[in-house]
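In: no letters, just coordinates:
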């Protein structure tokens, strides 16, 4: 490598260090519309029988919003482990068992293919069986269960609703006691859904949570440095899924995420002027590959690493 290439590599590294480094900057993203959305959800919860929370099966702890636990404290709860096709099957099963053990009704689903979707209606009715029985005892026979759909951004709520509701769904319009203009989706005679915007929470106390949420694309990319995200991801994969990066990209793996991105840039001939490896460019497509499940079936956290719900 000549002097020019070395100088350009130092310049490229300095650019990475000068941007929003994960090692020196906390990851937090809570725009104003999320505050407004949460406030509206607090009003709507009074009308709800059951809260259905979608979480990403690749990060089943980090994608579960703790504010929802406060919001739905006295409501029946269902957790849907979505995007299961991208997650480690063994760990997805463990997470299902974990959440069931602390009182949630849980289903493993893939909204895009519809896998697991058909069982949700019966799961909701089972969770709300006591409510249904009380209504019948009062002579109320045709009141549908009202379910609120919640989840962080990019967890797949819209795809889920389209898959769950199918072509038979119909917006039922304004309901008595519901804020004017609010739309409910009538699934069938038994269940109505109220969709909500994707919301995070004001501050990630654990920065590993923020990192993992950034990995799946739930945080505005404009405030993040994809190079730093990719470095951390490559290091996690090396430690927990050895060989997966070699299989996908044909590079020799090592402990350093920076070195692996450098090797990948050389392997793919992603070069800047003077033949300098463009690690920023390869970082972007590594993150895109992960978000879209092209690296492999990966889960970034284990139940035994978490001591609470």
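Out: Received it, and whenever you're ready, just let me know what you need. Just so it is clear, the structure is predicted and the values come from calculations on it, not from any experiment.

In: buried set for stretch 194-206?
Out: Buried residues in stretch 194-206, defined by neighbour count with 16 or more other Cβ atoms under 10 Å: 194-196, 198-201, 204. C-beta here means a position set from N, CA and C on the backbone, and glycine is covered the same way.

In: start and end of it, how far apart?
Out: With Cα to Cα, to the nearest Å as the measure, stretch 194-206 spans 30 Å from end to end.

In: hang on, the earlier thing: which of the buried residues of stretch 194-206 sits closest to residue 66?
Out: Residue 66 has its nearest neighbour among the buried residues of stretch 194-206 in residue 201, at 6.0 Å by Cβ to Cβ.

In: out of everything not next to it in sequence, what's closest to the closest one?
Out: residue 67 (4.7 Å; Cβ to Cβ, 6 or more residues apart in numbering).

In: nearest residue to residue 141 in space, please, no chain neighbours.
Out: Distances taken as Cβ to Cβ, 6+ apart place residue 135 nearest to residue 141, at 7.4 Å, with adjacent residues excluded.

In: how far off centre is whichever strand or helix holds the one you found?
Out: Element membership for residue 135 (DSSP states H and E) is helix 129-137. Relative to the centre of its chain, helix 129-137 is centred 34 Å away, using Cα atoms, centre = their mean, to the nearest Å.

In: may I see the buried residues of it?
Out: So for helix 129-137, counting by 16+ other Cβ under 10 Å, buried means 131-132, 135.

In: mean confidence score for it?
Out: Averaging the model's pLDDT scores along helix 129-137 yields 92.

In: same question for stretch 297-309.
Out: 82.

In: would you mark the buried spots in it?
Out: Neighbour counts over stretch 297-309 (16+ other Cβ under 10 Å) mark 297-303 as buried.

In: neighbouring contacts of that stretch?
Out: By Cβ atoms under 8 Å, 6 or more residues apart in numbering, the list of residues contacting stretch 297-309 from outside reads 57-62, 64, 69, 85-89, 91-92, 94-95, 97-99, 102, 212, 215, 236-237, 241, 244, 290.

In: how far is the helix or strand hosting residue 234 from where the chain is centred?
Out: If you go by DSSP H and E, residue 234 is part of helix 226-240. Relative to its chain's centre, helix 226-240 lies at 18 Å (Cα atoms, centre = their mean).

In: for it, enumerate the helices and strands it packs against.
Out: In terms of contacts (3 or more Cβ pairs under 8 Å, 6 or more residues apart in numbering; DSSP states H and E), helix 226-240 is packed against helix 207-215, helix 244-249, helix 257-267, helix 279-291.

In: could you tell me the angle between the longest one and helix 207-215?
Out: The one in question is helix 279-291. 90 degrees (axes from the mean of the first three to the mean of the last three Cα atoms, to 10 degrees).

In: what is helix 279-291 packed up against?
Out: Against helix 279-291 (3+ Cβ pairs under 8 Å, 6+ apart) you get helix 3-18, helix 207-215, helix 226-240, helix 257-267.

In: may I see the buried residues of the third one?
Out: Going back to what we said before, that points to helix 226-240. 226-238.

In: what's the mean pLDDT across it?
Out: Mean predicted confidence for helix 226-240 is 97.

In: so what touches it?
Out: Contacts for helix 226-240 (Cβ under 8 Å, 6+ apart): 16, 19-23, 211, 214-215, 244-245, 253-258, 260-261, 279-280, 282-284, 286-287, 290, 295, 298, 300.

In: buried members of the residues you listed into ChimeraX, please.
Out: Filtering the contacts of helix 226-240 down to the buried ones (16+ other Cβ under 10 Å) takes a single ChimeraX command:
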select :16,22,211,214,215,244,245,253,257,258,260,261,279,280,282,283,284,286,287,290,295,298,300
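
In: using a markdown table, please lay out the helices and strands packed on helix 226-240 together with distance to residue 75.
Out: What follows is the helices and strands packed on helix 226-240, written out as a markdown table (distance: least, Cβ to Cβ, whole Å):
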| stretch | distance to residue 75 |
| --- | --- |
| helix 207-215 | 24 |
| helix 244-249 | 39 |
| helix 257-267 | 41 |
| helix 279-291 | 31 |
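
In: brilliant, that's me finished.
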